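Asker: Just a sequence and a predicted model for now, questions to come.
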Amino acid sequence: MNFKEQFILNFVTDNRWTNITTGLIHTIIITICAALIGLVLGMIVAAVRTTYDKNCESLKRRGGLGYIIMTFFNAVCKLYLTIFRGTPVVVQLMIMYYIIFASAKNGLGVAIIAFGINSAAYVAEIFRGGIMSIDNGQFEAGRSLGFNYIQTMMYIVIPQVIKAILPALLNEFIALLKETSVAGYVGITDLTRGGNIIRGVTFSAFMPLIAVALIYLIMVVCLTKVVGIIERRLRKSER
């Protein structure tokens, strides 16, 4: 077959192009929703870890219930980070789908939760690194103004941290977009699976898989451009 016949066979006949568009929509939904879950959960985990790290000595001296609670939650967060950063995301996805949410009928929702929890582990470490990089003088300045620890974090530290880690967060978003290509392992028609469905019907691998690769490439290039623009603006604001 020539190129035109291959194109018609893979995309026009029986409206096979809808497999690609449906998969693309699912991929975008999973990526955006998982990124939001990862951002919120990651900030919570980072807050627990940094609060413990920065106040460990004072909490230990005072002792009591506050120290026990913070130690417990810090240990839980460290265990969570170890598990979700130490195991492949595809294994986590299959455990969520076939074991934890085995009775669930909404595979898309399970995928969002699985990718969101996985992403949160990396977002938490990005936030924690950003907070720990802030000079202790900033915390002392907040205390001298009469702010408590939470107010110091909200009004002084977090605005500086977001500016510093924003490029890294956007890069994590790009990585999350590409990781969703394994969602087909649990029967979800994501972009990769959409191309694979066409390949299975037409027995022609080249055109559908190249189309999938090009769509991923275009999305990643666009997001990379956005990251570059934001980084340049941040550098200008620093000057």
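Answerer: Cool, the structure landed. Numbers count the residues shown, from 1 in each chain.

Asker: count of residues packed around residue 142?
Answerer: Residues near residue 142, counting by other C-beta atoms under 10 Å, number 19. Quick note: C-beta positions are derived from backbone N, CA and C, even for glycine.

Asker: One more: residue 131?
Answerer: Residue 131 has 23 nearby residues by other C-beta under 10 Å.

Asker: what helices or strands is the host helix or strand of it leaning on?
Answerer: Element membership of residue 131 [criterion: DSSP states H and E] is helix 107-133. Under the contact definition 3 or more C-beta pairs under 8 Å, 6 or more residues apart in numbering; DSSP states H and E, helix 107-133 sits against helix 17-62, helix 64-86, helix 89-95, helix 158-179.

Asker: So which of those helices is nearest residue 149?
Answerer: Proximity to residue 149 (C-beta to C-beta) singles out helix 17-62 among these, at 7.2 Å.

Asker: Surely residue 38 and residue 175 touch.
Answerer: No. Here residue 38 does not reach residue 175: they are 10.8 Å apart, not a contact under C-beta atoms under 8 Å.

Asker: Please identify every residue contacting each of those two.
Answerer: Common neighbours of residue 38 and residue 175, using C-beta atoms under 8 Å, 6 or more residues apart in numbering, are residue 122.

Asker: Looking at the two, which is more packed in?
Answerer: A direct count of neighbours by other C-beta under 10 Å for residue 38 and residue 175 places residue 38 higher, at 24 against 12.

Asker: Contact partners for that one?
Answerer: 115-120, 122-123, 172, 176.

Asker: Go again with 7 Å.
Answerer: With contact set as C-beta atoms under 7 Å, 6 or more residues apart in numbering, residue 38 has these partners: 116, 119-120, 123.

Asker: Among those residues, which one sits closest to residue 63?
Answerer: Closest to residue 63, out of all of the contacts of residue 38 and judged by C-beta to C-beta, is residue 120, at 31.0 Å.

Asker: And the closest one, how far from residue 127?
Answerer: The gap separating residue 120 from residue 127 is 10 Å, by C-beta to C-beta, to the nearest Å.

Asker: phi, psi of residue 101?
Answerer: phi -110, psi 50 (degrees, to the nearest 10).

Asker: Find the nearest non-adjacent residue to it, please.
Answerer: With C-beta to C-beta, 6 or more residues apart in numbering as the measure, residue 110 is the residue that lies nearest to residue 101, at 4.8 Å, once sequence neighbours are left out.
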